[in-house]
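Chemist: Give me a 3D structure for the following:
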Amino acid sequence: RWDLENGPQNQIDNKHCWVYIVKGESIYTPTALIAQGEVESMGTLVDHTISGPALRLLGAEVGDMIVLVGHRKTAVEEPDTPLAPLVLCATIDRLNENHEIESDNWDDVTPNQIPRVSVKATIAAQAKRNQPATYNLSLSDIDLNAWKVFICPLGDQEPLDNAPNKQGVTALDGHVMLVPPNGDHPYIMIAGYSLGGSPDSGFPVHPNPIPAGSSDGNAMIFFYDQRKGTKNDDDQNSGSSPAMVPQRHVCCRPLDYADMDVKRQWLRRGGFNPTQTKETIAFDQYRIVVTTNYLASEDEGVELTIPDGLDLEFQPHPEKRAQPRSYTFGLTSNLPLTPLRPSEEQAADREATQKAHDFLPTLVLYYDNQTDEADQRKLLLARYDRAANSWTALPTVLPGKSVVALSLNADTAPGLFPQGQEPLRTEYFRLFLVPE
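Modeler: Below is the predicted model of the structure:
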């Protein structure tokens with residue numbers, strides 16, 4: 001148990017505090033990482049039976065380290081103060097008579113420079129009868145000379161390895177822990193990742209063929225198969241009665257995701273002729289990973305650039321700076337999203353795209369009520385521009401309370417929609433409050 005009233009709660013905000021247990025002789029040589037969750041969402045683990053409110057720490061033992069990842073409390077109590085990252089670490093020195101942990105010292109181990117972390121997944125083996133699919137994970141955008149990297153799949157019982165990749169993983173969720181290569185400058189960085197994608201088959205087929213998003217649900221990616229509920233060419237001649245054809249997102253017949261025909265038609269500009277190949281990509285081949293970077297300081301891409309011509313319903317203040325208002329979410333895909341959203345040029349080429357469909361890839365982010373109540377400030381979604389080392393505002397849609405939506409395409413997420421021979425890249429997104 002961890003007594004919330006006797007911990008460092010005067011420093012860190014419970015609404016943005018993620019709890020971890022790290023096992024090992026020191027933080028530089030961890031052997032296991034046990035994620036406990038966010039303090040605010042751990043209500044079912046709060047125990048009021050003995051003394052004050054306390055959290056049950058799963059798998060914790062004397063000698064383990066407890067790590068808190070979040071933001072400083074003073075930063076969120078004052079609306080005009082930017083989010084300030086904070087990482088605290090303490091060794092569990094002993095237990096008292098109420099089985100509550102006691103630690104003599106809490107150390108501030110916040111990195112001076114906070115990197116952006118993203119996880120990419122590829123399929124190692126498809127699922128078979130009584131055997132789950134396995135995946136190979138790798139990290140991008142990490143300086144391996146500055147960090148020791150530990151990939152920690154959820155429930156993995158193997159000792160942690162210092163490596164930027166991990167083979168044969170079955171769990172879809174996990175964390176990445178970064179520590180310095182030596183003990184000169186103690187600091188810790190932890191990010192969560194969640195792997196999404198379609199199963200090998202399913203019936204009835206749901207309208208979102210490639211479900212993906214962050215493990216906490218703050219970021220979700222939606223696709224929409226507009227062919228559902230309508231007759232395709234095969235069904236028009238099947239002799240089925242119109243009354244027998246479902247009309248609301250249900251297919252006329254069982255469909256296997258692996259059989260869905262999505263043509264490779266995205267390399268036309270690079271000399272690739274889509275009319276001369278029958279190679280297909282099935283939905284079940286896509287694996288999209290969302291990495292949640294809990295630590296994201298104001299100095300990470302200092303400026304928010306608002307492009308000329310961006311249609312806004314307000315006038316940004318010329319002197320006041322925009323403030324970050326969310327975690328940083330990294331999106332990766334093992335395959336280009338280009339065939340799922342043909343460009344205008346491709347759509348104009350009727351012969352080349354006669355079987356292509358627009359699956360309307362959309363990113364949805366949730367934000368808290370405190371953000372919604374901000375005075376004289378408007379919410380904008382932005383992507384990180386590597387070349388400019390800044391954040392660029394994007395066309396932001398607010399379809400309802402606490403929800404922001406973004407259409408993903410070659411303009412808003414170019415790294416996921418490579419043109420020609422360009423490589424796939426991670427795209428980072430974040431919410432900002434812009435003063436009027």
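Chemist: Identify the bridge partners of the residue lying closest to residue 217 once chain neighbours are set aside.
Modeler: Nearest non-adjacent residue to residue 217, counting by Cβ to Cβ, 6 or more residues apart in numbering: residue 366, 7.0 Å away. Bear in mind the C-beta positions are built from the backbone N, C-alpha and C, glycine included. Beta-bridge pairing for residue 366 (DSSP bridges): residue 403.
Chemist: Hmm, residue 403 and residue 366 touching each other?
Modeler: Yes - Residue 366 is within contact range of residue 403, at 6.0 Å (criterion: Cβ atoms under 8 Å).
Chemist: contacts for stretch 14-22?
Modeler: Contact with stretch 14-22 is made by 2, 4, 30, 32-40, 42, 55, 57-60, 64-71, 76, 83, 89, 175, 177, 190, 192, 294, 368, as judged by Cβ atoms under 8 Å, 6 or more residues apart in numbering.
Chemist: Can I get the buried part of the residues you listed as one PyMOL selection?
Modeler: The PyMOL selection below is limited to those of the contacts of stretch 14-22 classed as buried (16 or more other Cβ atoms under 10 Å):
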select buried, resi 2+30+32+33+34+35+36+37+38+39+42+55+57+60+64+65+66+67+68+69+70+71+76+83+89+175+177+190+192+294
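Chemist: Do I have it right that residue 188 meets residue 89?
Modeler: Yes - assessed by Cβ under 8 Å, residue 188 is found in contact with residue 89 at 6.2 Å.
Chemist: Mind listing the shared neighbours of these two?
Modeler: 27, 67, 109.
Chemist: distance of residue 169 from residue 155?
Modeler: The gap separating residue 169 from residue 155 is 10 Å, by Cβ to Cβ, to the nearest Å.
Chemist: Neighbour count: these two, which is higher?
Modeler: When residue 169 and residue 155 are compared for neighbours, residue 169 comes out ahead with 21 against 10, by other Cβ atoms under 10 Å.
Chemist: so what's that one bridging to?
Modeler: Beta-bridge partners for residue 169, by DSSP bridges, are residue 135.
Chemist: Spell out, range by range, the strands that occur in the stretch 51-200 of the chain.
Modeler: Here the stretch 51-200 of the chain has its strands, by DSSP state E, counting those that start in this stretch, at 54-55, 65-72, 85-91, 94-95, 101-102, 107-108, 118-125, 134-140, 148-153, 165-169, 173-179, 189-196.
Chemist: what helices or strands is the second one leaning on?
Modeler: Okay, so that is strand 65-72. Counting contacts by 3 or more Cβ pairs under 8 Å, 6 or more residues apart in numbering; DSSP states H and E, strand 65-72 is packed against strand 12-24, strand 85-91.
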